[in-house]
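Colleague: Below are the sequence and a predicted model; questions follow.
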Amino acid sequence: MAFVRWDPLQDLLAVQQRMTRFTTGPSGWTPPVDVLETPDQYVVMVELPGLTQDDVQLQHHEGRLTISGVRRERESSCEQFHRIERGHGSFSRTLQLPLPVEAERITADLRDGVLTVTCPKLNDDSIRRIQIS
């Protein structure tokens, strides 16, 4: 049997994520985001169906990654909509990354409606082992 130390902050963050998943932002929609960590990078995946790379902006500042953009309303000759569930307008998501990243090596790829942002972790060469004599 393995013991895991309980982290109440993680539980609160999980509850907050579940609650905010279905709430809308000031614009009427908030794209869902997944963040995963590998030993050498963070990978952020954002669902942005129907958007092009011209519709999305990325910024990295002081450890925060901001993804913003706009989904324009479709022009339609239809006289009446029966249902509108997809949000339109501007959106913005800001994520605090746990460790510093190399901002100049951040890459982004928008394919099949999913924006994938790869943030390489900062290789901290300032920590080194000192030989004791």
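Modeller: Nice, thanks for sending it over. Numbering: from 1, shown residues only.
Colleague: so what's Gln41 closest to, chain neighbours aside?
Modeller: Nearest residue to Gln41, sequence neighbours excluded (Cβ to Cβ, 6 or more residues apart in numbering): Pro120, at 4.8 Å. All C-beta atoms are positioned from the backbone trio N, CA, C, and that covers glycine.
Colleague: Now do the same contact list for that neighbour.
Modeller: Counting by Cβ atoms under 8 Å, 6 or more residues apart in numbering, Pro120 makes contact with 40-41, 101-102, 105-106.
Colleague: quick one: it is in a strand?
Modeller: Yes: membership of Pro120 in a strand is supported by DSSP: H, G, I helix; E, B strand; the rest coil.
Colleague: Neighbour-wise, give me the winner out of the contacts of Pro120.
Modeller: Among those, the one with the most neighbours (other Cβ atoms under 10 Å) is Val101, at 19 neighbours.
Colleague: was I right about that residue contacting Cys119?
Modeller: Yes: counting by Cβ atoms under 8 Å, Val101 touches Cys119, with 4.2 Å between them.
Colleague: can you list residues touching both of those two?
Modeller: Taking Cβ under 8 Å, 6+ apart as the contact rule, Val101 and Cys119 both touch 41-42, 60.
Colleague: got the residue ranges for the strands in this structure?
Modeller: 33-37, 41-47, 56-61, 64-71, 89-96, 107-111, 114-120 (DSSP state E).
Colleague: So for Pro8, which of those strands sits nearest?
Modeller: Judged by Cβ to Cβ, the one of these that comes nearest to Pro8 is strand 89-96, at 18.7 Å.
Colleague: show me where pLDDT drops low in this protein?
Modeller: Along the chain, segments meeting pLDDT under 70 span 1, 17-28, 76, 124-131, 133.
Colleague: how about Glu102, what does it touch?
Modeller: Each residue near Glu102 by Cβ under 8 Å, 6+ apart is listed here: 119-123.
Colleague: which residues does the nearest residue to Leu95 once chain neighbours are set aside bridge with?
Modeller: Leaving aside its chain neighbours, Leu95 sits nearest to Leu65 (4.9 Å; criterion: Cβ to Cβ, 6+ apart). Per DSSP bridges, the residues bridged to Leu65 are His60, Leu95.
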